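**Student:** heads up, no residue letters with this:
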């Protein structure tokens, strides 16, 4: 029978949420998720026993329990979110290793912030600590991917760029982490029959891996300096080498964290040393392991400080290593990446005769250095076709010599639409969303396109509007910010479905919204030119600049809780007027086109300050212009390959 966790206090409440989510989201559970659910139950039982004991305990025992309660309450939200994300990512087919690795880093980050407080507390709650360590250790064992040999993917690329020394150094460092991790995994496995293995071998293994001045950690530091050298930052291999460094450092972090957990697992210690009369020799052996594991964990914390400094220095470079797609009205699509893009206007042209463009990520995610995005183009030539191709963001070129005709090439499919975008379905087909090109009135359509069969079939679905819909944008996947005041107004079923359709309404002060129903939400400006979306925000822009609102706030408005979404905007002196087009990238940057400039900046949202009517919550950095570019009709910014792992690694190693 499944143990139902009682909701008595914040810790048990969070564990109940974790258990319920595991059971709800993973109905067809495998052995791993079943064992993990049981670990959650064990932790809840131990915590409840400690909670009951503390009520009648000594002042010292009550103080110790309070320490445990605070530490657990601070760690569990991140552990819960990371666990569910890791389960979802690694159980995908194919597994989303980048998202899963990022989720595991979140778990390590949340746990490391609480380890200090947990380790110093004493008394009866020690069993709680052991249960927590067992749970997290199982999470890392189940869902942490084995260090992949990413070097094999980039060997040819790096040789072309004459970066053999860096390639060799990274290979050696990554292989060393792999050998160390797999050796420790073996030495932490129980003996046949379930007995705990002697800690002596693991202690010796720990002594071999020097995190102060050893070859592996020195290699990582050397690679960091190479990545920060200005002459290397425009090389195509730069994002790949950064990703390889982050991957190796992530696995090092997970391995050292697991060792710390293993060395302080109360149940495992008790089983090894014997109870109630522990063997003094075995007690000393395990104490020696704990000392070595604690030293390694402390070394890791200092290395995290250095890694944090590196990530902060690499962040602006990583943002510039994203891909910028720029199209001019009726003209070419240009693609550019790297710091040199801001110093020269020699952009690479990839397509001619562009009336509208849209780039969408592959269904399986961007988990390959050479992953190709789907490029959709409404042609401005005489044929007015709808084209599809794939864009290799590393090479900044199309993967196919000739584009696909979407639909009948003799049927002038493209002229039927004002704008299009698409998503890929699990079966490999696409759903193409288009705003109909009517002289009056508007309509939105969805078509299923089978690339292999060359069929385009309209779905039985056509929302109508009184005004024309000039643009269509898909917010997918959806995310809710933890500090968003309206986060609870996002319907759970909509968040799970992960799709909101937005449209720009011609000559209107409202934005079209389509979920299971059709809505229109007002904007705070006198007029607007267009919209943009990302996983978290809806953006509106035009003559008076740009503003954004969270999708949760939009849903709050559609539910009648607000007269309009909670729009956020930067101070006027940092805003840009007469915005032609805008793209919001998940790497925290904006790309904006105006008649005078093509520029990018970083942005940050702070919900602690008043809303746009009383002040500004949206802050932007300094604007940086592209040389020789302005008045682009369409712009889109894609993140650098490996961005999710970089973002989560920064959080994991940030000073606390």
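**Tutor:** Now that the structure is in, tell me what you want to look at. The shown structure was predicted, so the numbers you read here are calculated from the model rather than taken from an experiment.

**Student:** surely residue 501 is in a strand?
**Tutor:** Yes: per DSSP: H, G, I helix; E, B strand; the rest coil, residue 501 lies within a strand segment.

**Student:** touching, it and residue 514? I think so.
**Tutor:** Yes: between residue 501 and residue 514 there is a contact at 4.0 Å, judged by Cβ atoms under 8 Å. C-betas here are computed from N, CA, C, even on glycine.

**Student:** next, show the common contact partners of those two.
**Tutor:** Counting by Cβ atoms under 8 Å, 6 or more residues apart in numbering, the common neighbours of residue 501 and residue 514 are residue 444.

**Student:** determine the longest helix present in this structure.
**Tutor:** The residue-count maximum for a helix in the chain (DSSP state H) belongs to helix 280-320.

**Student:** quick one: strands adjacent to the next helix or strand after that helix?
**Tutor:** The C-terminal neighbour of helix 280-320 among helices and strands, as given by DSSP states H and E, is strand 323-327. When pairs are called by DSSP bridges, strand 323-327 turns out to pair with strand 331-337 (antiparallel), strand 634-638 (antiparallel).

**Student:** quick one: distance of the first one to the chain centre.
**Tutor:** Relative to its parent chain, strand 331-337 has a centroid offset of 26 Å by Cα atoms, centre = their mean, to the nearest Å.

**Student:** ok, now stretch 557-567?
**Tutor:** Offset of stretch 557-567 from its chain centre (Cα atoms, centre = their mean): 28 Å.

**Student:** is residue 336 bridged to anything, and to what?
**Tutor:** Residues in a beta bridge with residue 336, per DSSP bridges, are residue 324.

**Student:** after the strand or helix carrying residue 359, which helix or strand is next?
**Tutor:** Per DSSP H and E, residue 359 falls inside strand 348-360. Next helix or strand after strand 348-360 toward the C-terminus (DSSP H and E): strand 372-379.

**Student:** other SSEs contacting that following strand?
**Tutor:** If you count contacts as 3 or more Cβ pairs under 8 Å, 6 or more residues apart in numbering; DSSP states H and E, strand 372-379 packs onto strand 348-360, strand 386-392, strand 417-424.

**Student:** so residue 414, which state does it fall into?
**Tutor:** helix.

**Student:** equivalent analysis for residue 457, please.
**Tutor:** Following three-state DSSP, residue 457 is assigned to strand.

**Student:** could you report the neighbour count for it?
**Tutor:** 12 (other Cβ atoms under 10 Å).

**Student:** repeat for residue 290
**Tutor:** Counted with other Cβ under 10 Å, the neighbours of residue 290 add up to 17.

**Student:** correct me, but it touches residue 263?
**Tutor:** Yes: using Cβ under 8 Å, residue 290 is in contact with residue 263, at 4.6 Å.

**Student:** now do the strands in the stretch 451-600 of the chain.
**Tutor:** Assigned by DSSP state E, counting those that start in this stretch, the stretch 451-600 of the chain shows strands spanning 455-458, 464-465, 469-475, 500-505, 510-514, 518-522, 530-533, 537-542, 545-550, 581-585, 589-593, 598-605.

**Student:** ok, which of these comes nearest residue 231?
**Tutor:** strand 598-605 (22.4 Å; Cβ to Cβ).

**Student:** residue ranges with poor pLDDT in the stretch 251-400 of the chain?
**Tutor:** Counting by pLDDT under 70, the stretch 251-400 of the chain shows low-confidence ranges at 364-367.

**Student:** per-domain residue ranges of the chain.
**Tutor:** Annotated domains of the chain cover 7-145, 148-317, 322-650 [automatic domain parsing].

**Student:** can you put the ones you listed in JSON lines and add distance to residue 656?
**Tutor:** As requested, those are exported to JSON lines (distance: least, Cβ to Cβ, whole Å):
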{"stretch": "domain 7-145", "distance to residue 656": "5"}
{"stretch": "domain 148-317", "distance to residue 656": "9"}
{"stretch": "domain 322-650", "distance to residue 656": "13"}
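
**Student:** rank those by pLDDT, which is bottom?
**Tutor:** Note on the domains of the chain: lowest mean pLDDT is at domain 7-145, with a mean of 70.

**Student:** thinking again about what came up before, which other helices and strands contact the longest helix of the chain?
**Tutor:** Packing partners of helix 280-320 (3+ Cβ pairs under 8 Å, 6+ apart): helix 200-208, helix 215-228, helix 238-263, helix 266-273, helix 643-653.

**Student:** ok, now with 10 Å
**Tutor:** Contacts defined by 3 or more Cβ pairs under 10 Å, 6 or more residues apart in numbering; DSSP states H and E place helix 280-320 against helix 97-120, helix 200-208, helix 215-228, helix 238-263, helix 266-273, strand 589-593, strand 598-605, helix 643-653.

**Student:** in JSON lines: those, plus mean neighbour count and distance to residue 336.
**Tutor:** Putting those into JSON lines (neighbours: other Cβ atoms under 10 Å; distance: least, Cβ to Cβ, whole Å) gives the following:
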{"stretch": "helix 97-120", "mean neighbour count": "21", "distance to residue 336": "24"}
{"stretch": "helix 200-208", "mean neighbour count": "16", "distance to residue 336": "46"}
{"stretch": "helix 215-228", "mean neighbour count": "18", "distance to residue 336": "20"}
{"stretch": "helix 238-263", "mean neighbour count": "24", "distance to residue 336": "14"}
{"stretch": "helix 266-273", "mean neighbour count": "19", "distance to residue 336": "54"}
{"stretch": "strand 589-593", "mean neighbour count": "25", "distance to residue 336": "11"}
{"stretch": "strand 598-605", "mean neighbour count": "18", "distance to residue 336": "10"}
{"stretch": "helix 643-653", "mean neighbour count": "23", "distance to residue 336": "17"}
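
**Student:** of all these, which one is nearest residue 344?
**Tutor:** Here strand 598-605 is closest among the helices and strands packed on helix 280-320 (Cβ to Cβ), at 13.3 Å.

**Student:** sheet partners, orientation included, of the closest one?
**Tutor:** According to DSSP bridges, strand 598-605 forms sheet pairs with strand 589-593 (antiparallel), strand 618-620 (antiparallel), strand 624-625 (antiparallel).

**Student:** let me have the helices and strands packed on helix 280-320 in JSON lines, extended by distance to residue 56.
**Tutor:** Shown next, in JSON lines, are those (distance: least, Cβ to Cβ, whole Å):
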{"stretch": "helix 97-120", "distance to residue 56": "23"}
{"stretch": "helix 200-208", "distance to residue 56": "39"}
{"stretch": "helix 215-228", "distance to residue 56": "49"}
{"stretch": "helix 238-263", "distance to residue 56": "30"}
{"stretch": "helix 266-273", "distance to residue 56": "22"}
{"stretch": "strand 589-593", "distance to residue 56": "56"}
{"stretch": "strand 598-605", "distance to residue 56": "47"}
{"stretch": "helix 643-653", "distance to residue 56": "39"}
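
**Student:** how about the strands of the stretch 451-600 of the chain in JSON lines, adding distance to residue 401?
**Tutor:** Listed next are those as JSON lines, based on distance: least, Cβ to Cβ, whole Å:
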{"stretch": "strand 455-458", "distance to residue 401": "22"}
{"stretch": "strand 464-465", "distance to residue 401": "39"}
{"stretch": "strand 469-475", "distance to residue 401": "28"}
{"stretch": "strand 500-505", "distance to residue 401": "33"}
{"stretch": "strand 510-514", "distance to residue 401": "36"}
{"stretch": "strand 518-522", "distance to residue 401": "41"}
{"stretch": "strand 530-533", "distance to residue 401": "31"}
{"stretch": "strand 537-542", "distance to residue 401": "35"}
{"stretch": "strand 545-550", "distance to residue 401": "38"}
{"stretch": "strand 581-585", "distance to residue 401": "27"}
{"stretch": "strand 589-593", "distance to residue 401": "28"}
{"stretch": "strand 598-605", "distance to residue 401": "29"}
